[in-house]
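*Asks:* The amino acid sequence is not available; the structure is as follows:
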């Protein structure tokens, strides 16, 4: 197991829009940086990235390919690699890879994203990313006026339905056999907008060519839908931030300052693991902002006047 001869200025963990955009700008700032990508993006099943200025319905893998090409040309190192652990402190971090190598780094940028908890329902996998989604901001505009089911339970699921009213009022909350656990205010809101609650277990989902047509409940009843959204839970895509001691909320979203530095000196974060909407364009923007913050933190004291 050998270390690099010289530590990187920055090791970026995560090769989505946030990590790649950061890598591009770190290269522009002539920083020695490497972007490590485990290759399992959250939006892998999604057919297109929506609302990205200048790009019309570009596939997620194509967006990443374009940014990788641009970042590589600028001079950042790009490697398909899985990180096992991150240890150390500012100016002396150690990043251990699954193949046993260890990289040194002065700064760490976490762009590891989130992972969704998805229901294990027959038919779901074939439809996910085509007519079943998790992000209302990304795919809500595409279901305007359609019949939409929302799989979830609890207050946050009711809030999700209220958010979806931006695009359609033909909504049904599906708790998949779970007690609704809705506060009185949430129940009143659902009733006010005539959003029914179906508590039956969903036995399977049926559709054709990626388009959902109906859900079949365990009792044999069915409900017709044009689209579904899943709002159960999600969590951090890795434990690195927690292992390093970075402060986070109950959902694992990291606390950052205006330069995107976490509460641990030298550890920065961008993308879905930071507060804000979970859009590709926002992730890319935050990657750039984090790169700027990191670059400024690395400017020698004798150049500061």
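*Replies:* Nice, I can see it. None of these values were measured; they are calculated from a predicted model.
*Asks:* longest helix in the protein, by residue count?
*Replies:* helix 280-297 (DSSP state H).
*Asks:* hang on, isn't residue 174 packed against residue 202?
*Replies:* Yes - counting by Cβ atoms under 8 Å, residue 174 does reach residue 202; the two are 6.3 Å apart. The way it works is simple: take the backbone N, C-alpha and C, and place the C-beta from them, glycine included.
*Asks:* Which one's more surrounded, those two?
*Replies:* residue 174 (27 against 23; other Cβ atoms under 10 Å).
*Asks:* So that one versus residue 180, what's the distance?
*Replies:* Distance, residue 174 to residue 180, by Cβ to Cβ, to the nearest Å: 11 Å.
*Asks:* And for residue 225?
*Replies:* Residue 225 is 19 Å from residue 180, where distance means Cβ to Cβ.
*Asks:* between the two, who's got more neighbours?
*Replies:* A direct count of neighbours by other Cβ under 10 Å for residue 225 and residue 180 places residue 225 higher, at 24 against 18.
*Asks:* So the more buried one versus residue 275, what's the distance?
*Replies:* Taking Cβ to Cβ, one finds residue 225 at 32 Å from residue 275.
*Asks:* I'd assumed residue 105 was in contact with residue 298.
*Replies:* No - with contact defined as Cβ under 8 Å, residue 298 does not count as touching residue 105 (11.3 Å).
*Asks:* which residues are in contact with both of these two?
*Replies:* By the contact definition Cβ atoms under 8 Å, 6 or more residues apart in numbering, residue 298 and residue 105 are jointly contacted by residue 9.
*Asks:* Between those two, which has more neighbouring residues?
*Replies:* Applying other Cβ under 10 Å to residue 298 and residue 105 shows that residue 105 carries more neighbours, namely 26 against 15.
*Asks:* Tell me which residues of the longest helix of the chain come out buried.
*Replies:* Across helix 280-297, burial judged by 16 or more other Cβ atoms under 10 Å covers 280-295, 297.
*Asks:* cool, and stretch 216-223?
*Replies:* Across stretch 216-223, burial judged by 16+ other Cβ under 10 Å covers 216-217, 223.
*Asks:* What about the residues you listed, which are in helices?
*Replies:* Those of the buried residues of stretch 216-223 lying in helices (DSSP H): none at all.
*Asks:* Make a markdown table out of these and add pLDDT and distance to residue 140.
*Replies:* Below are the buried residues of stretch 216-223 laid out as a markdown table (pLDDT from 0 to 100; distance: Cβ to Cβ, whole Å):
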| residue | pLDDT | distance to residue 140 |
| --- | --- | --- |
| 216 | 98 | 25 |
| 217 | 97 | 25 |
| 223 | 97 | 20 |
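*Asks:* I'd like the residues you listed as a markdown table, with distance to residue 185 appended.
*Replies:* What follows is those, written out as a markdown table (distance: Cβ to Cβ, whole Å):
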| residue | distance to residue 185 |
| --- | --- |
| 216 | 32 |
| 217 | 27 |
| 223 | 26 |
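*Asks:* Nearest to residue 304, out of these: which one, please.
*Replies:* Comparing the buried residues of stretch 216-223 against residue 304 with Cβ to Cβ places residue 223 closest, at 63.1 Å.
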